[in-house]
Each structure stands twice: as C-alpha cells, then as structure tokens.
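Asker: just to be clear, the model below is a prediction. Sequence and coordinates:
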Amino acid sequence: MTQKKCPHCKVIKDESAYYTKVGKNIGIGYYCKDCRKEIDRISYNRRLQERTEKRLQKLYKVSYWVYKKLYQAQEGKCAICDRESVSCLPYDTEGRALVCNDCKNFLNKTRDAKYMKRYKAYLKLSKTVSDA
Ligand SMILES: [Zn+2]
Ligand SMILES: [Zn+2]
C-alpha cells in the first residue's frame, strides 16, 4: 500500500485516502480527500461570494459587507413575510432591508399600506444596523 503525505494537512495517509486521477496525469490526487473537499468548499464559497458581490453592486449598489450584516440581522429571513429565503435581495436602492423575490415583486407592483408599514418599520430597525 502506497502512502503519501498530504501537503495540506501534513498527515501521511494511505493511497485510498486520495482521489484517483485518470487521464493524462494518472495517479493519485495532490491533496487527500478530506482536504480536497475542504479546499473545494472554500473556493466554491468564495466564487459564490464574488458572484453575489458583483450582482449586489450592479443591481443595488450594495456592498457584500452590508448585505451580510443585514442577512445576519434578519437571520436570513425576508423582512416582510418572515419566510426563510436564501434568495433575499435588498428591496430599496440603499439596501436597508432584504426581502424575498415574491415580496420584491409584490412591492414593485403594489403600495399596499399593510405591507408598506411593515417594510418601513423594518427599515428603521435595519438602519441602525447599516449605520453601525
Ligand atoms: Zn490532507
Ligand atoms: Zn417575503
């Protein structure tokens, strides 16, 4: 059984702890499976963050930092319907509240007093977050 030291976790592991590479560079992976997964996860998250960052800047002129703060303050929930939604987007151009796509569409179409009241109350609350 071949053993190899993973350059990431610095642990000597059996060949089976590495992914098998096929094709031109046949052999075993550079990093062990555990590290590979971890590295992939980090780079996936980074890419996701970069994409979100660009989208936020382009559509709402909001920095990822503000978005994150709002997201945490709202616990990932829509400011209006409280539904948990990862696709929460800033509703207003100042990005003071995150709402789900449904509410965003709804707000774009209507100025329903009940909805607007809730939204405005939320704005006050989240303003303290974005100003802090
Ligand atoms: Zn490793
Ligand atoms: Zn909603």
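Answerer: Everything's here; your move. Ligands and ions are numbered 1, 2, ... in the order given.
Asker: and residue 15, how far from residue 38?
Answerer: Residue 15 sits 19 Å away from residue 38, going by CB to CB, to the nearest Å. (Glycine included, C-beta is placed from N, CA and C.)
Asker: should've said residue 66
Answerer: Taken as CB to CB, the span from residue 66 to residue 38 is 28 Å.
Asker: what of residue 104?
Answerer: 35 Å.
Asker: between these two, who's got more neighbours?
Answerer: Set side by side, residue 104 and residue 38 show more neighbours around residue 104, with 18 against 14, by other CB atoms under 10 Å.
Asker: so the more buried one is in which element?
Answerer: helix 101-109 (DSSP states H and E).
Asker: what packs against that helix?
Answerer: The contact analysis (3 or more CB pairs under 8 Å, 6 or more residues apart in numbering; DSSP states H and E) places helix 101-109 against helix 113-131.
Asker: again, 10 Å this time
Answerer: Under the contact criterion of 3 or more CB pairs under 10 Å, 6 or more residues apart in numbering; DSSP states H and E, helix 101-109 touches strand 89-90, strand 98-99, helix 113-131.
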